[in-house]
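>>> my questions are about this predicted structure, shown below with the sequence.
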Amino acid sequence: MYSFGMKSIKIGEIAVDGGAATVLTVPGQVRENTIKVTPAAPTDTEFYAEGESTPAIVQTKKGITALDFDLLTFDPEIIADLTGGTTTGEAPNILYHEAAGVVTVERTIEITDLQDNVWLFPRVKITASLVGTFTTTDVNIVRINGKVLLPTKAGVAPLTYGKPAA
């Protein structure tokens, strides 16, 4: 498996049954070289019998897979959708309002790489932040940090990868 880039990224509301979204849309332009899928190593917890130096039981928990990227799109409605905020007004005078407290946003994310392999994450907890860079050498972005979660629909994997049938 190799990839020299991404063909598309799409985001959608998780299906009512807890599976992957059936309607996915492009959230806008993704900043070059920012998409990363990073699986964390599993964690072991060792339990020892009294006086022993070798564990009697080892319990392993799967590590959390992180999914991160930066959007160049600064559309108030997209920002509100990804942050759990709200908008007011009508185009062209739409204002984004950040949520006052902690809001949990979960979405399905689909990435298609340049070899047409699809990375489908049916349930991702998203944290989106506006990053303002007021210089002549960088741009404002919407930073997306995601944690891949187990879908609530039975039999649905947290990640599928490959070329699905048409």
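Structure's in. What do you need?
>>> next one: phi and psi at the residue lying closest to residue 97 once chain neighbours are set aside?
Spatial nearest neighbour of residue 97, chain neighbours left out: residue 86 (4.8 Å); criterion: C-beta to C-beta, 6 or more residues apart in numbering. (Each C-beta comes from the backbone N, C-alpha and C, glycine too.) Residue 86 adopts backbone torsions of phi -130, psi 170, taken as degrees, to the nearest 10.
>>> check which helix or strand covers the spatially closest residue to residue 75 that is not a sequence neighbour.
The shortest distance from residue 75 to any non-neighbouring residue, by C-beta to C-beta, 6+ apart, is to residue 28 (6.3 Å). Using DSSP states H and E, residue 28 maps to neither a helix nor a strand.
>>> gap between the two ends of stretch 65-82?
Counting by C-alpha to C-alpha, to the nearest Å, you get 19 Å between the two ends of stretch 65-82.
>>> repeat that for stretch 81-99.
With C-alpha to C-alpha as the measure, stretch 81-99 spans 11 Å from end to end.
>>> what are the contacting residues of that stretch?
Applying C-beta atoms under 8 Å, 6 or more residues apart in numbering, the external contacts of stretch 81-99 come out as 11, 27, 76-77, 79-80, 103-105, 107, 126, 128-129, 142, 144.
>>> hmm, what's the outermost residue in the chain?
In the chain, the greatest distance from the average C-alpha position (C-alpha atoms, centre = their mean) is reached by residue 51, at 45.0 Å.
>>> ok but that one is inside a strand, no?
No: counting by DSSP: H, G, I helix; E, B strand; the rest coil, residue 51 is not found in a strand; it is coil.
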